[in-house]
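Enquirer: Provided below for reference: sequence and predicted model.
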Amino acid sequence: MTDMHTELAAADRVDVLGIHVSVTNLDHTIGTFARWIDGDERQLVCVADMNALLHARADERLTEVYNTAGLTVPDGMPLVWAGKKAGFERMDRVAGPDLLERVMAEAADRGWTQYFYGGAEGVAEELGDTFQERHPALKVVGAECPPYRPLTETEDAEVMARMNAARPDIVWVGLGAPKQERWMADHRDRLNASILIGVGAAFDFHTGRLDRAPLWMQRAGLEWSYRLYKEPKRLWRRYLLGIPRFGLGIMRRPPRPL
């Protein structure tokens, strides 16, 4: 693997509507993960698309979570375009499903251990099985799906104990934004894993519950339209109201380097 830290600064960020999005790409993100794990650091990672960013800018606590995360990666071409507009030409999309797949391949090589937390009943376990079939050397040390209701203090403590006993290097959180970001912020100090990362619907993409847009649509920034076509009742408000809000916000507050 090429270490992209020589080409992209580790701490560069761009202000997009008040959210500090990391100037990164897939290789750079993987290199950062390796540095954190090798150094026994304890970081959280936010995977931000336009919808997540709009949620975050409307919530002071979420803004803090995104702006203080070890990385807030651009999962969505509008955020990449915003970064390029601010002068960061090497910035590129780090989509949650792509990052998950890439890390699994790297983890199988490096021996990094994984824990999957979230999704509908049985999804986390299926995800672990799916990746172990693709990468036989991969070490999955735990997988579980919490109930949709809030956990009791006892239940939550039991989850923390299970995760720490399993000793994962990376905990993948699939609770959906912004729930997963709040969960990571609340539990970061209680977990020994080097990395907590929220990847939303990536669990469902990799277990076949959702299918992704064709590659040309992803590259053109049109993946949202494919998802809207697939799930109009659930997603129409997110995109048909969110896109104008995002565009107007960018006009009023152009992206800028930090």
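Expert: Happy to help now that I have it. Numbering: from 1, shown residues only.
Enquirer: now the most centrally placed residue in the chain, what's its secondary structure?
Expert: The residue lying closest to the centre of the chain (CA atoms, centre = their mean) is Val47, at 3.0 Å. State at Val47, reduced to three classes by DSSP: H, G, I helix; E, B strand; the rest coil: strand.
Enquirer: what bridges to it?
Expert: When assigned by DSSP bridges, Val47 has beta-bridge partners Val73.
Enquirer: Distance check, it against Thr154.
Expert: 30 Å (CB to CB, to the nearest Å). The way it works is simple: take the backbone N, C-alpha and C, and place the C-beta from them, glycine included.
Enquirer: In contact with the residue nearest to the centre of the chain, which residues are there?
Expert: 73, 75, 94-96, 99, 197-200 (CB atoms under 8 Å, 6 or more residues apart in numbering).
Enquirer: rerun at 7 Å
Expert: 73, 75, 96, 197-200 (CB atoms under 7 Å, 6 or more residues apart in numbering).
Enquirer: ditto for Ser22
Expert: 13, 71-73.
Enquirer: per-residue confidence at the closest residue to it other than its chain neighbours?
Expert: Spatially, and ignoring its direct neighbours in sequence, Ser22 is nearest to Leu71 (4.7 Å; CB to CB, 6 or more residues apart in numbering). pLDDT recorded at Leu71 is 97.
Enquirer: wait, Leu71 sits on Thr32?
Expert: Yes - contact status for Leu71 versus Thr32: in contact at 6.2 Å, counting by CB atoms under 7 Å.
Enquirer: Next one: Met160 from Val199, what distance?
Expert: Per CB to CB, Met160 is found 20 Å from Val199.
Enquirer: And these two? Which one has more around it.
Expert: Taking neighbours as other CB atoms under 10 Å, Met160 and Val199 compare with Val199 leading, 26 against 14.
Enquirer: check contacts around that one.
Expert: Val199 neighbours (CB under 7 Å, 6+ apart): 47, 96, 100, 172, 174.
Enquirer: Bridged to the fourth one, which residues?
Expert: In other words, Trp172. Phe116, Ile197.
Enquirer: Which strand or helix spans Leu54?
Expert: helix 50-57 (DSSP states H and E).
Enquirer: What is that helix packed up against?
Expert: Taking 3 or more CB pairs under 7 Å, 6 or more residues apart in numbering; DSSP states H and E as contact, the helices and strands that helix 50-57 lies on are strand 19-22, helix 60-68, helix 77-85, helix 232-252.
Enquirer: Quick one: closest of those to Pro136.
Expert: Evaluated with CB to CB, those place strand 19-22 nearest to Pro136, the distance being 32.1 Å.
Enquirer: roughly how far is the very next helix or strand once past that closest one from the heart of the chain?
Expert: Downstream of strand 19-22, the next assigned helix or strand under DSSP H and E is helix 26-38. Remark: helix 26-38 is offset 14 Å from the chain centroid, using CA atoms, centre = their mean, to the nearest Å.
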